[in-house]
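A.B. asks: need a structure here:
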Amino acid sequence: QRFQSVAQYSDYVSYLEVCFRDLGIDGEIFQSNDLDDFIAKAKSWNGLAIVMNPAFFSYESALAACVEEVQKRQVPVIEVHYSNYLRRKELGTVSKVATAVILGGKLDGYRRALEV
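C.D. replies: As a prediction, the model looks like this:
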């Protein structure tokens, strides 16, 4: 059975905006379920860190290009998952190279990632 979040995208945006304000972070929210769109964004990214959830980039083999691009940024990459994906599958491609992986924290996982 696949885990489904009860949070809507607007919940994530509202929560992250509050976290940015509370933590004094000049953050940017970018969401795409399209791996090519994410890679294009990563190529132009010049921030201090990347917080990402690659759950909808469904094919692990396709994530190699994503990993290569985020590593080129030479910034911390924090992977966040609403639930503990390790209950369903093995350690993911991004998880193996991420600076940190936060599992099962629901929306609070994103705040923890910003605090790292």
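A.B. asks: Now do the same contact list for Ala55.
C.D. replies: Counting by CB atoms under 8 Å, 6 or more residues apart in numbering, Ala55 makes contact with His81, Tyr82, Tyr85. (Glycine included, C-beta is placed from N, CA and C.)
A.B. asks: What pLDDT is listed against the second one?
C.D. replies: Going back to what we said before, that points to Tyr82. pLDDT, Tyr82: 83.
A.B. asks: I'd like the distance between it and Asp11.
C.D. replies: Noted for Tyr82: a distance of 11 Å to Asp11, by CB to CB, to the nearest Å.
A.B. asks: more crowded one of the two?
C.D. replies: Neighbour totals were compared for Tyr82 and Asp11, and Tyr82 leads with 22 against 13 (other CB atoms under 10 Å).
A.B. asks: what's the distance between the more buried one and Gly104?
C.D. replies: Using CB to CB, Tyr82 is found at 8 Å from Gly104.
A.B. asks: do the same with Pro76
C.D. replies: Counting by CB to CB, the gap from Pro76 to Gly104 is 20 Å.
A.B. asks: Ala62: which of the contacts of Ala55 is nearest?
C.D. replies: Of all the contacts of Ala55, Ala62 sits closest to Tyr85, with 16.7 Å by CB to CB.
A.B. asks: got a list of what the residue nearest to the spatial centre of the chain touches?
C.D. replies: With distances taken as CA atoms, centre = their mean, the residue of the chain nearest its centroid is Met52 (1.2 Å). Counting by CB under 8 Å, 6+ apart, Met52 touches Phe38, Val70, Val77, Ile78, Glu79, Val80, Val94.
A.B. asks: Appreciated, that's everything.
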